[in-house]
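Colleague: dropping the sequence and predicted coords here.
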There are 2 protein chains.
Amino acid sequence: MSAVPTPSSDAIDPSDALVADVFARNCDSRAALETVGGKWSILALLALVEGDYRFNALRRRVEGVSEKMLAQTLHALERDGLVQREVVTVIPARVEYSLTTLGAEIAERLRGLTELLEGSIDHITAARAAYDARRG
Amino acid sequence: MSAVPTPSSDAIDPSDALVADVFARNCDSRAALETVGGKWSILALLALVEGDYRFNALRRRVEGVSEKMLAQTLHALERDGLVQREVVTVIPARVEYSLTTLGAEIAERLRGLTELLEGSIDHITAARAAYDARRG
DNA sequence: CGGAATCCAGAAGGATACTG
DNA sequence: CAGTATCCTTCTGGATTCCG
C-alpha cells in the first residue's frame, strides 16, 4: 500500500486550508466525530432520515435505547446543530425532532455506510466465525 | 423535511426489500456498526487508508490511544475482516496492519463523513456555543 | 407525554509491569 | 517491537422516581 501523499509530509489538499486533523488529540473534529459516532447517535440520525419523530416514537423506533440515553443523545445532536428540537406546548406535551440541513447531510453518509455494512454482513459474520474458530 | 414514506403509518418502502434493520435489537448489522463506530476504530481505519502501519507507528498516528485500546480495537477490526494482520517473525518482532478490501470500502465512507465533519466544524462549533449560551 | 434527577452496577479505558 | 496481564479509576448507561 502506502499510496498516499506521504503521511509524514503535510501535503494535505492545498485547496482546503482547514486541516483540523481528527488524529490530533484536542481536535474539534474528533469531538464532533465522537458525537456522531456514538452508539445511539447513528441510529437516531438514521431514524430521523425517515421523517420527524416525537420522543417516544423515536424511542420505539430505536429498539433498546433507554429514555436517558435517547434524551442525552438528542441533546448532544441538538447541541452540535444536527438535530432540531421543536416544542409544542400542549397537554400532553409534544416535542418534534427533525434533522437540520447539516444533520441530513451527515445522516445521508451514515446511511451509505450502514447499507454497505448491511450488504457485507454475510462476509463480516463469516470472517468473525473464522476468527473465533482460530482463537477463542 | 419528511421526504419519506410516512414514518407514522408503517408503510415501509416496498421497492426496497432489504430491511435487515439496524434498528432491531439483535441485529448483526448493528453489532457491525458498533465495531466500526467505536471511538478508536474510526481513527484506526482512517489512518490505515494512508497505508500500512506497524503497531507502534499506528499508536503514534492516532494520538491519545492507549496500547490496550489500540490492540483491542485492531483485534475487533481483524475479527470482522476489515483489517489484515501480517506477522513478520524477525527480532525484534514486526507486525504490519493493512485494510482488507471491505475495510478499504468502509474506510472510504468514513473518510467522506470525516471530511464533511471537518468542513462543517465552524458551523458545529457555532451551534455548540449558541446552545451552551442558552443553557448551561 | 416529555424529560430531569438520583442511584448504582458494570463496562470502558488508562497506567504499569512483564513476556516472547 | 508487539503485545498480554493486572490493577484501578472513570464513566456509561439502566431502573426508578418525580415534575411540567
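Modeller: That came through, no problem.

Colleague: around DNA strand C, pick out the residues from chain A.
Modeller: Counting by Cβ under 7 Å from any atom of the strand, chain A comes close to DNA strand C at A:54-57, A:67-68, A:71, A:74-75, A:85, A:87, A:92-95. Bear in mind the C-beta positions are built from the backbone N, C-alpha and C, glycine included.

Colleague: which residues of chain A fall in helices?
Modeller: Assigned by DSSP state H, chain A shows helices spanning A:28-37, A:39-49, A:55-61, A:67-79, A:101-119, A:121-134.

Colleague: can you get me a residue count around A:T89?
Modeller: If you count neighbours by other Cβ atoms under 10 Å in any protein chain shown, A:T89 ends up with 7.

Colleague: and it, its phi and psi?
Modeller: With angles defined as degrees, to the nearest 10, A:T89 sits at phi -80, psi 80.

Colleague: and it, how far is that from chain B?
Modeller: 17 Å (Cβ to the nearest Cβ, to the nearest Å).

Colleague: can you tell me how far that residue is from DNA strand D?
Modeller: Computed as Cβ to the nearest atom of the strand, to the nearest Å, the A:T89 to DNA strand D distance reads 9 Å.

Colleague: do A:A76 as well
Modeller: Relative to DNA strand D, and taking Cβ to the nearest atom of the strand, A:A76 is found at 10 Å.

Colleague: name the nearest residue to that residue, ignoring sequence neighbours.
Modeller: A:T35 (5.2 Å; Cβ to Cβ, 6 or more residues apart in numbering or on different chains).

Colleague: pLDDT value on that neighbour, please?
Modeller: As predicted, A:T35 sits at a pLDDT of 91.

Colleague: same deal with A:K68?
Modeller: Reported pLDDT for A:K68: 94.

Colleague: A:L18 too?
Modeller: Looking at A:L18, the pLDDT reads 44.

Colleague: please parse chain A into its domains.
Modeller: A:1-36, A:40-135 (automatic domain parsing).

Colleague: which one of these lies nearest to B:T125?
Modeller: Smallest distance to B:T125 across the domains of chain A (Cβ to Cβ): 5.9 Å, for domain A:1-36.

Colleague: so where's chain A shaky on pLDDT?
Modeller: A:1-20, A:136 (pLDDT under 70).

Colleague: now for the residue of chain A found nearest DNA strand C, how many residues are close by?
Modeller: As assessed by Cβ to the nearest atom of the strand, DNA strand C sits closest to A:N56 within chain A, at 2.7 Å. A:N56: 11 surrounding residues under other Cβ under 10 Å.

Colleague: quick one: which of the residues of chain A next to DNA strand C is nearest to B:F23?
Modeller: Nearest member of the residues of chain A next to DNA strand C to B:F23, counting by Cβ to Cβ, is A:A57, at 12.3 Å.

Colleague: contacts only, for the closest residue to A:R59 other than its chain neighbours.
Modeller: Once flanking residues are discounted, A:R59 sits nearest to A:L70: 5.4 Å by Cβ to Cβ, 6+ apart. Contacts for A:L70 were tallied using Cβ atoms under 8 Å, 6 or more residues apart in numbering or on different chains; they are A:W40, A:A44, A:F55, A:L58, A:R59, A:V62.

Colleague: ditto for A:A127
Modeller: Neighbour list for A:A127: B:R79, B:D80, B:G81 [criterion: Cβ under 8 Å, 6+ apart].

Colleague: tabulate those residues (JSON lines), appending neighbour count and distance to B:A129.
Modeller: Output for these, formatted as JSON lines (neighbours: other Cβ atoms under 10 Å in any protein chain shown; distance: Cβ to Cβ, whole Å):
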{"residue": "B:R79", "neighbour count": "19", "distance to B:A129": "40"}
{"residue": "B:D80", "neighbour count": "25", "distance to B:A129": "38"}
{"residue": "B:G81", "neighbour count": "20", "distance to B:A129": "41"}
